[in-house]
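A.B. asks: here's my sequence, what's the structure:
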Amino acid sequence: MNRLMLKKLCVAAVLLAACTLMTAFLSVPTFITGIGNINLGDCVTFAACMLLGLWYAPAVGALGGMLADLLSGYAVYAPVTFVAKGVMALLMCLMIKRRNSFARCVIGVLLGGAAMVGCYFVYELILYGFAVAGANVLFNAVQVAVNGALALAVYPVIKKAAPILK
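C.D. replies: Just a heads-up that it's a prediction; the model follows:
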């Protein structure tokens, strides 16, 4: 393992822990359906995409979200969270792979966020039916908007820190 891989792995491990904690413990339960919550874990995942890039960031999002579900009593959501957060981060990473610009990060947040909302919608449609799945689309969209805005707000800081991991 070379030095760069070790640096990225260490940063990814710290971000994975932050993602897990922010998802499990900094969350607000959804009040209409009572199923799920709005949390700040995706902010860490989006930041990991901007900082670490492909392979590391999807692992941060997928594992961090899944571990948070297992820790906070939402084990039924762990499989879909693993897929949804991994796909969300993967799409954002692919969007910014060639050029990590602010505009491409915005598009990446929108694409990844839409995929995450879609994954949860299909899963909840199977589990609970259209009424609950449809209501939770709004909460999942709010989560993407809030987390995306927070991650994009720290984009200049991430852009300055990124050369350390090159």
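
A.B. asks: report the contact partners of Thr20.
C.D. replies: Gly41, Leu63, Gly64, Gly65, Leu67, Ala68, Leu71 (CB atoms under 8 Å, 6 or more residues apart in numbering). Just so you know, the C-beta spots here come from the backbone N, C-alpha and C atoms, and that holds for glycine as well.

A.B. asks: now do 10 Å
C.D. replies: Contacts for Thr20 (CB atoms under 10 Å, 6 or more residues apart in numbering) come out as 41, 44, 60, 63-72.

A.B. asks: name the nearest of those residues relative to Glu124.
C.D. replies: Of all those, Asp69 has the smallest distance to Glu124: 13.7 Å, by CB to CB.

A.B. asks: what bridges to the nearest residue to Asn37 once chain neighbours are set aside?
C.D. replies: Nearest residue to Asn37, sequence neighbours excluded (CB to CB, 6 or more residues apart in numbering): Ser27, at 4.0 Å. Ser27 has these beta-bridge partners by DSSP bridges: Asn39.

A.B. asks: what confidence value was assigned to Ser27?
C.D. replies: In this prediction, Ser27 carries a pLDDT score of 77.

A.B. asks: quick one on the thing from earlier: show me which of the contacts of Thr20 are buried.
C.D. replies: Gly41, Val44, Val60, Leu63, Gly64, Gly65, Met66, Leu67, Ala68, Asp69, Ser72 (16 or more other CB atoms under 10 Å).

A.B. asks: so the first one makes contact with Gly61?
C.D. replies: Which is Gly41. Yes - look at Gly41 against Gly61 with CB atoms under 10 Å: they come within range, at 8.0 Å.

A.B. asks: now the common contact residues for these two.
C.D. replies: Common neighbours of Gly41 and Gly61 (CB under 10 Å, 6+ apart) are Cys19, Thr23, Thr81, Lys85.
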